[in-house]
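> here are the coordinates; sequence isn't available:
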Ligand SMILES: Cc1ncc(C[n+]2csc(CCOP(=O)(O)OP(=O)(O)O)c2C)c(N)n1
Ligand SMILES: Cc1ncc(C[n+]2csc(CCOP(=O)(O)OP(=O)(O)O)c2C)c(N)n1
Ligand SMILES: [Mg+2]
Ligand SMILES: [Mg+2]
């Protein structure tokens, strides 16, 4: 049965159902217990599962991740929360040098089935340390999987997969999508990690985009449709591993592509997407792979600045027009 | 006057001369004082400048960077050492959320003239936590400058610039180049940050590469010259800001290019280089921008594995041949 | 320690300035005039005021997410502060920092900080510079009880002690980190128990008593200036409003009774009563202070409202000290 | 506490196994047969042995860069250990980890660690799992004096106390972090002074006395199993060789005299003397142990030398639990 619920509720439901199904699953993080988490992602869970399984921790991000790593190696399936994505920096060693590498360093003898959850993205005037999109950093680290859903349906299915996954995964919730409503089946379901989703089919140009930007790109596509421009929007959903196959297939069809993301352009994930596309579809490209991203500055506080900092529908539209302006092969 | 000294001595000399010139310059880090640092980068400096200016710190990377940030904002010019590049993860918040962003968050009212020094790269069988090339991570962060010299001459000139620079810079010493000998003038000199160096001129194909790989690429180029293949090798030296202009000019001449780096390929800096080249020289490219990089795994311990893990001259050669194999426009 | 009336009235003025600034900010936030997050300092005014009254403009402080109070106490002016909260270009941070990063180096305020614990290592750096220059200045790090659980605090405390730096560690123990009570996140009651582990003296003071805080700071500062290293001061205090914003949003994590008991110990009102009882000041004296500062606040709000927002061309300014003109890769 | 002869001889055996393994590793390293870094445990054998003799295979330990000693003490076998140090595919870690990451989950050894302090939070996770399953197991974190200055240690200690987890914190205070003496990096002499700041008991033991260490561990474990939370044990000890490798490379950071004084207190030889004095064992008994284990070591070296290196096709294996066949972007 399907009904409309919010993105954050879809997250919550995935956690709840997996906790119901498996006693090895527990959650730990700051303010997630009695309070339910600052985004209410964990609302009601401590009430249902008790303090044993939904644990309020000290403000100790390194120990929170370490708690996950140690408990995972010992056989549990931890879900550990880092409130804002910017704070992964505080626990970065435990994430990239411990969680990510442990299995490999141990010659395969350990498994680390843990999920790190966090809130990413800007648009809340939360300034430089509470607004970042740092997915490129963690996607560069072998051993991690990275998920960044753009809608409630994907959120539930992907979060379910994360919890069931036998590798450390990082589930990023976009802060501006928390309230987004969408159809979500009540029963548990899993969306495989590493499979892109074609949000909108089109033939003239491909847009690769994720999280909030994926939605904005669909809006732009709808807009351009009225002008007779047919835009295909692909949401990779999982950033690591990346479903290059689906992206490349689309580009081979449309011959033109842009990548849109909230992170700064330089060394952002758009660079990897662009590099792979030109590697794998070089002869199909009628224009360089375009990138729409944030300028190379920290996220500014003032909403007036942030509005110009984040990729806007106008800038996405402009980038699409610009790759379309090139003569075809 | 020039004479041959080692890469690590060139580093040491830059620090010593800048310390002689400016009492505001000081160094702090683990084991850098009496012992001179595990790589002997700081050898003899405490003897010359005393404990006031060459400070042994606790094993506290967060506080080491914080020491630099606070002292820099207070008007000094700190050089702070993180022994191995892998350990930047331990201090990542202070690096990316504090040092990098402070000036911007303060509306420009502060300056943070600090240099972070660290040892990067593999090839010592030092395994997954002491061998990484993480430059892509820090290059993604606005506010930082990142330098990774490939030879003693550049090391001295770039380190001098780092110390004189009014922004937080990260100077990466490649561990396998420490003993590399080269001509280095005795007097102080500065090489501007952000200027690439054409290590070897050529006309058939461009190789963009840095640190140890730049040297290996030159060797490959020498090798291929005997076959009549003319390879231009460009060493950006500064990874952030990147001298795209020089790279693009070369590609417009050669029409073929590969990027070679030690880091893993996915979301490595090669992706950014490739993305920029195809953006700016799309019509000049006769083949996709090639990338030679590490496979997507942590750095393995066994020297047998690591030898295959790191880009080898053979793989560089092969990649060059492969972009040359494509028919020209 | 015998404090002069000037010092006492100066501390009172600092507390009232904080209170008025924060109450105004709370009202403006509720009227949706302040973008972003807002962590109010109301209830804790005695701590920042008592500490900062013992510091000069050359002494540095680092702060937390709850930072306006510290900046006001250190001498920050209402106008550029209010403008910053309103994200205007006339703000101390030109609208780029906001509440969580508000700063002013002229008065030695090295910034509010959005990362719990991150200010302390920066204070250690400032303290290092003071010792390096032997200029007699000290650096004070403000931080909450919850933040003492994070690694950065630990490293900073230990390093300051190891290097014997002139640093004051000021813990504002308000018994909560966000919505979670202290006893869920640590097995000790007094943060001061951590001082011995670093080799510095630690003292508990009544965080609602500006005089007690001031005296402890004067002593700690003297020690630091003598070259005897850091001290930890734990002020037991309480925030009257929510973790952020004003309302509790219906999510109760502390009882009304508890809040009420602490409000009875309001640091400003109890101070005024004591001053009047001791015949050091009259009700009229205090009323005059409030009136004067209320007018200042109104003026500051007006100033901020009248100020322009920064323009989009400012986005790439001040990322670097010499803003790169056009490193082709970096610029958008 | 009255320890049986079996326990005493078992602890002796653990110490001798460590000593022989480490001496052999040192010799092999000097003969350039071991790639990478090597941090020898010689001198500190009593600590790992005394602790691990109080633990079962189900109890977990986390370790440091100086990790072989801990793994041997926990029951690690010579052959796969030596093979790992030689980077062979028959090693515990299949040649992918080496000295700094050596591990074996079958005996509860959750890995040496190349990052100072990083093991402690992982031990907290293991301890959490024990409490969660209420299985009576405990987790022990080994770490050096120098590592108590890093944030991860602090967070781990506090979290274990806040959540009252069955975790033992075992500090091996050998007075140096790499080449820098303790008094340059902290203002305290005893690490145990940090325990009170977390709300756990702390005890100093003679790190050259395996019995003292064992007794302290038994007590701490009992406390943890009772549900009373973590303890900190500080063992005062010393490493006889260099920070890494064997020689000091001419760079003196401690005096020969100092080393000599500590060598007089060799944990194995003093233990043997005491046992013989108390008529608990004879010289012959000990000689037999050494002889047997020497043969084991030779066999292990032979095994390791005869073992194959991993093949390049193994590079991408075990990055992920189900090694991705060909995620096009990820695979090289
Ligand atoms: C590293 C990090 N973790 C978590 C947060 C979210 N956060 C902001 S304030 C806060 C509570 C801080 O508590 P305390 O130090 O006691 O200060 P108080 O708010 O009580 O003044 C938390 C958890 C953060 N900003 N940074
Ligand atoms: C985060 C980090 N910083 C620095 C190092 C380099 N390092 C390796 S061992 C060591 C000294 C550790 O001292 P201690 O904890 O006392 O252990 P010991 O070597 O004496 O056994 C250092 C600084 C590291 N591995 N990790
Ligand atoms: Mg608090
Ligand atoms: Mg030590």
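Perfect, I can see it now. Everything numeric here is computed off the predicted structure, so don't read it as measured data. Ligands and ions are numbered 1, 2, ... in the order given.
> now do the contacts for residue C:195.
Neighbour list for residue C:195: C:201-202, C:231-232, D:197 [criterion: Cβ atoms under 8 Å, 6 or more residues apart in numbering or on different chains]. C-beta coordinates here come from the backbone N, C-alpha and C atoms, glycine included.
> for the residues you listed, work out which two are farthest apart.
Greatest spatial distance among the contacts of residue C:195 (Cβ to Cβ): C:231 and D:197, at 15.4 Å.
> tell me which of the two has more neighbours.
Counted by other Cβ atoms under 10 Å in any protein chain shown, residue C:231 and residue D:197 do not tie: residue D:197 has more neighbours, with 28 against 24.
> surely the more buried one and residue C:187 touch.
No: assessed by Cβ atoms under 8 Å, residue D:197 is found out of contact with residue C:187, at 9.9 Å.
> I'd like the distance between residue C:164 and residue A:280.
60 Å (Cβ to Cβ, to the nearest Å).
> pLDDT at the single nearest residue of the stretch 1-150 of chain C relative to ligand 1, what is it?
Per Cβ to the nearest ligand atom, residue C:144 is where the stretch 1-150 of chain C lies closest to ligand 1, at 2.3 Å. Residue C:144 carries a pLDDT value of 98.
> quick check: residues of chain C near ligand 2?
Residues of chain C found near ligand 2 (Cβ under 6 Å from any ligand atom): none.
> quick check: residues of chain C near chain D?
C:149-155, C:158-159, C:161-162, C:164, C:184-188, C:193-200, C:229 (Cβ under 8 Å from any Cβ of the partner chain).
> ditto for the stretch 151-300 of chain A
Residues of the stretch 151-300 of chain A found near chain D (Cβ under 8 Å from any Cβ) are A:165-167, A:194, A:240-245, A:248, A:272, A:276, A:280.
> so among the residues you listed, which ones count as buried?
Among those, those buried by neighbour count (16 or more other Cβ atoms under 10 Å in any protein chain shown) are A:165, A:167, A:194, A:240-245, A:248, A:272, A:276, A:280.
> re earlier: tell me which of the contacts of residue C:195 fall in strands.
C:202, C:231-232 (DSSP state E).
> quick check, distance from the one helix or strand residue A:67 maps to to the centre of its chain.
When elements are assigned from DSSP states H and E, residue A:67 belongs to helix A:61-73. Relative to the centre of its chain, helix A:61-73 is centred 21 Å away, using Cα atoms, centre = their mean, to the nearest Å.
> which helices and strands does that helix pack with?
If contacts are counted by 3 or more Cβ pairs under 8 Å, 6 or more residues apart in numbering or on different chains; DSSP states H and E, helix A:61-73 sits against strand A:25-29, strand A:77-84, helix D:119-133, helix D:151-162.
> do you know which of those lies nearest chain B?
Between chain B and these, the shortest gap by Cβ to the nearest Cβ is with helix D:151-162, which sits at 5.6 Å.
> near ligand 1 at all, that closest one?
No: with Cβ under 6 Å from any ligand atom as the criterion, ligand 1 is not reached by helix D:151-162; the gap is at least 10.8 Å.
> now that helix: mean pLDDT?
98.
> how about the residues of the stretch 201-332 of chain C near ligand 1?
So far as Cβ under 6 Å from any ligand atom goes, the stretch 201-332 of chain C lies against ligand 1 at residue C:243.
> picking up where we left off before, which among the ones in strands among the contacts of residue C:195 gets closest to chain B?
The nearest member of the ones in strands among the contacts of residue C:195 to chain B, counting by Cβ to the nearest Cβ, is residue C:232 at 15.8 Å.
> where does pLDDT dip in the chain?
You didn't say which chain, so I picked chain A. Low-confidence segments of chain A, defined by pLDDT under 70: A:329.
> sorry, should have said chain C
Short version for chain C, where the test is pLDDT under 70: C:248-251, C:323-332.
> for the spatially most central residue of chain C, give me its contacts.
Among the residues of chain C, the one closest to the centroid is residue C:70, at 2.4 Å (Cα atoms, centre = their mean). Residues near residue C:70 by Cβ under 8 Å, 6+ apart: C:41, C:48, C:52, C:61, C:63-64, C:109, C:112, C:142.
> tell me which of those fall in strands.
Using DSSP E, the contacts of residue C:70 in strands are C:61, C:142.
> picking that back up, give the bridge partners for the residue of the stretch 1-150 of chain C closest to ligand 1, please.
The partner list for residue C:144 in beta bridges (DSSP bridges) reads residue C:172.
> thought it was touching residue C:177?
Yes: using Cβ under 8 Å, residue C:144 is in contact with residue C:177, at 6.5 Å.
> for the residue nearest in space to the middle of chain A, give me phi and psi.
The centroid of chain A falls nearest to residue A:148 when counting by Cα atoms, centre = their mean (1.2 Å). The phi/psi pair for residue A:148 (degrees, to the nearest 10) reads phi -150, psi 90.
> I figured it hits residue A:213, correct?
No: judged on Cβ under 8 Å, residue A:148 makes no contact with residue A:213 at a distance of 9.9 Å.
> I'd like the residues of the stretch 151-300 of chain A next to chain D laid out as TSV, including secondary structure and distance to chain C.
Output for these, formatted as TSV (DSSP: H, G, I helix; E, B strand; the rest coil; distance: Cβ to the nearest Cβ, whole Å):
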residue	secondary structure	distance to chain C
A:165	coil	28
A:166	coil	29
A:167	coil	26
A:194	coil	30
A:240	strand	23
A:241	coil	27
A:242	coil	22
A:243	coil	27
A:244	helix	24
A:245	helix	29
A:248	helix	25
A:272	helix	15
A:276	helix	19
A:280	helix	23
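> list just the nearest of the residues you listed to ligand 1.
Distances from ligand 1 to these, taken by Cβ to the nearest ligand atom, are shortest for residue A:240, at 23.7 Å.
> for ligand 2, see how far away that closest one is.
According to Cβ to the nearest ligand atom, to the nearest Å, residue A:240 stands 25 Å off from ligand 2.
> surely that residue and residue A:144 touch.
Yes: Residue A:240 is in contact with residue A:144 according to Cβ under 8 Å; the separation is 6.2 Å.
> nearest residue to residue A:282 in space, please, no chain neighbours.
residue B:288 (4.1 Å; Cβ to Cβ, 6 or more residues apart in numbering or on different chains).
> in a strand, the one you found, correct?
No: with DSSP: H, G, I helix; E, B strand; the rest coil as the criterion, residue B:288 is located in coil rather than a strand.
> go ahead and confirm it touches residue A:284.
No: if you go by Cβ under 8 Å, residue B:288 and residue A:284 don't touch, sitting 11.0 Å apart.
> name the residue in those two with the higher neighbour count.
residue B:288 (25 against 17).
> what does the stretch 51-200 of chain C put close to ligand 1?
Residues of the stretch 51-200 of chain C lying near ligand 1 (Cβ under 6 Å from any ligand atom): C:65-66, C:114-116, C:144-147, C:174, C:176-178.
> including secondary structure, distance to residue B:264 and neighbour count, could those residues go into CSV?
Supplementary listing: these in CSV, determined by DSSP: H, G, I helix; E, B strand; the rest coil; distance: Cβ to Cβ, whole Å; neighbours: other Cβ atoms under 10 Å in any protein chain shown:
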residue, secondary structure, distance to residue B:264, neighbour count
C:65, coil, 36, 23
C:66, coil, 41, 26
C:114, coil, 31, 29
C:115, coil, 28, 24
C:116, coil, 32, 28
C:144, strand, 39, 28
C:145, coil, 41, 24
C:146, helix, 37, 27
C:147, helix, 35, 26
C:174, coil, 45, 23
C:176, strand, 43, 19
C:177, strand, 37, 25
C:178, coil, 37, 19
